[in-house]
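[1] show me the folded form of this:
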Amino acid sequence: MAQHTGTADLPLHHGRVPGWLAARMARLGRVVVEALVLEYGRDEVLRRLAHPFWFQALGCAMGMDWHSSGITTSVLGALKRGLAPVADELGLHVCGGRGRHSRATPSELMALGARTGVDGAALARTSRLVAKVDAAAVQDGFQLYLHSFIVTDDGRWAVVQQGMQAQGRYARRYHWLGEGLRSFVDDPHQAIEGAPRGAIRNLADTRASDARADILQWVQRGPDAATDALRSLQARPAPCHLRLPADHAVAAAHIDERRFHATLAAAASVAPTDFEGLLLTPGLGARTLEALALVSELVHGAPSRFSDPARFAMAHGGKDGHPFPVPLKVYDATLRVMRGAVEGARLGQADTLAALKHLDQEARRLEGVVAGQGVEAWMAGERARSWRYGGRTVFGYAEPPGGRAPRRAAGEREAEGPADLTHASPTPPARGRHSARRARAFAQPSLPGL
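    Residues are numbered from 1 along each chain as shown. Model (predicted):
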């Protein structure tokens, strides 16, 4: 039977994902999922998405605000958009979304059933039941506004949905996994993420079985008896808890420094005999290897390694500038290497994909052996060098020493992002103060090896 895997508190944030990041998120989400399918199969993708810590780490590596509720909407929107062109090939489909998209989930599943032969009617019923359990049976003060249903061609599924508590400015994310699920009303959740705020009445708790039986009888006696039954239930605590603070800054306390230093050491000490093909990738250098080590851990890491999801924000920063601006050149180099590895593996040339796996293994081997500069010092260095890597936030490009703001390189296109990558409100981000000058040529130093 599916069990809870943990909880997390997600500060409620507003705003939009800018187009230049949304397009990259879709590409990174797609290539990470493709690598997972190639290495471990489709069922493992569902298990990862149903794991709250891994889900948060994926959002951090994508360049989202590392702790906010917007990660849920943005990651699911990126996966839906990125996987759409290859959904039939992978046999993996993302349905639903936020707001009106969530209400369209049953019809999407019915259409999917007509196209693939999977039982769309049964999946649609499952979708409604899952939403009903978290909206009605689990009475925790959060109103659902997002429902995403991920399903394979053989009918296996996972669900991620989220509710908000506007007064407390927090969100709660609920994870479900169909694997091993025998009941929708007896401990069905894979995980529930969120802050415990006041009394929670959980009719889906296995200890509430007697109460559920009584409710069926009491409902026949009238609404007052049913209400009394609901008030008598108490929720049990989740097995583990991830608390994400409301402040934006990433601090050393949020990161497992031992693991982080091992990642950097692995990137710095890879043996050329094992990594010849990887190291010869055009534009790949030490900084991109550091990002690749973290992305590779997303594919190959065990669940226990995602207890500090903020560490994965060290791959590509964050759109709000925390822990540092998104280094577009590093991000694009990561995408090129990952895409090349996946395409090569499909053609029977798995050397690069194997090299990335070895990079993750090397990082684990070095844990507890290496040490280096503190995380705060490393982040400060990344912020200082950010302009060299095309660092960008929702407020504009990173500035070099001296304060002269760089502009977009000649020929660099502004990527368009999908509407369903928005946060909780459609408020557009503040315009960068240097946007008016971006039409001129961008004289940025060449970085042949990022």
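[2] beta-bridge partners for Arg172, please?
    Listed beta-bridge partners, Arg172: Gly163 (assigned using DSSP bridges).
[3] please disregard the earlier target; I meant Gly391.
    Pro327.
[4] contacting residues for it?
    317, 324-328, 397-398 (Cβ atoms under 8 Å, 6 or more residues apart in numbering). C-beta: built from backbone N, CA, C; applies to glycine.
[5] distance of it from Pro325?
    3 Å (Cβ to Cβ, to the nearest Å).
[6] which neighbours do those two have in common?
    317, 397-398.
[7] who wins for most neighbours among the residues you listed?
    When neighbours are counted by other Cβ atoms under 10 Å, Gly317 leads the shared contacts of Gly391 and Pro325 with 31 neighbours.
[8] need the contact list for it.
    63, 323-327, 382, 386, 391.
[9] let's go with 6 Å and repeat that
    324-326 (Cβ atoms under 6 Å, 6 or more residues apart in numbering).
[10] distance of it from Glu44?
    27 Å.
[11] how is this structure partitioned into domains?
    Domain ranges of the chain: 7-200+235-243, 253-413, per automatic domain parsing.
[12] a strand runs through Asp320, doesn't it?
    No. Asp320: not assigned to a strand; according to DSSP: H, G, I helix; E, B strand; the rest coil it is coil.
[13] checking the closest residue to it other than its chain neighbours next. Helix, strand or coil?
    In space, and not counting its chain neighbours, Asp320 is closest to Asp65: 5.0 Å by Cβ to Cβ, 6 or more residues apart in numbering. Following three-state DSSP, we place Asp65 in the coil state.
[14] so Asp65 touches Gly318, yeah?
    Yes. When contacts are counted by Cβ atoms under 6 Å, Asp65 is listed as touching Gly318 (5.5 Å).
[15] re the thing from before, tell me the most buried of the domains of the chain?
    Most buried of the domains of the chain, by mean neighbour count (mean count of other Cβ atoms under 10 Å): domain 7-200+235-243, with a mean of 21.
[16] take the domains of the chain and write them to a markdown table, including mean pLDDT.
    Listed next are these as a markdown table, based on pLDDT from 0 to 100:
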| stretch | mean pLDDT |
| --- | --- |
| domain 7-200+235-243 | 85 |
| domain 253-413 | 84 |
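[17] one step back: now tabulate the contacts of Gly391 in TSV and tack on distance to Val31.
    Listed next are the contacts of Gly391 as TSV, based on distance: Cβ to Cβ, whole Å:
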residue	distance to Val31
Gly317	19
Phe324	23
Pro325	22
Val326	17
Pro327	18
Leu328	17
Tyr397	25
Ala398	25
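[18] what's in contact with stretch 28-48?
    Residues contacting stretch 28-48 (Cβ under 6 Å, 6+ apart): 54, 62, 78-79, 82-83, 90, 92, 152, 158, 298-299, 338-339, 342, 345.
[19] only C-alpha atoms, please: export that stretch in CSV.
    Extracted in CSV, the C-alpha atoms of stretch 28-48 (Å, rounded to 0.1, in the frame of the first residue of the first chain):
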residue,chain,number,x,y,z
LEU,A,28,15.5,20.2,-19.1
GLY,A,29,12.4,18.5,-17.7
ARG,A,30,12.1,16.5,-20.9
VAL,A,31,15.7,15.4,-21.1
VAL,A,32,15.8,14.4,-17.4
VAL,A,33,12.6,12.3,-17.8
GLU,A,34,14.0,10.7,-21.0
ALA,A,35,17.2,9.8,-19.2
LEU,A,36,15.2,8.2,-16.4
VAL,A,37,13.1,6.2,-18.8
LEU,A,38,16.2,4.9,-20.6
GLU,A,39,18.0,4.0,-17.4
TYR,A,40,15.2,2.8,-15.1
GLY,A,41,11.9,2.7,-17.0
ARG,A,42,8.7,4.7,-16.9
ASP,A,43,7.5,3.5,-13.5
GLU,A,44,10.6,5.1,-11.9
VAL,A,45,9.5,8.4,-13.3
LEU,A,46,6.2,8.1,-11.5
ARG,A,47,8.0,7.1,-8.3
ARG,A,48,10.3,10.1,-8.5
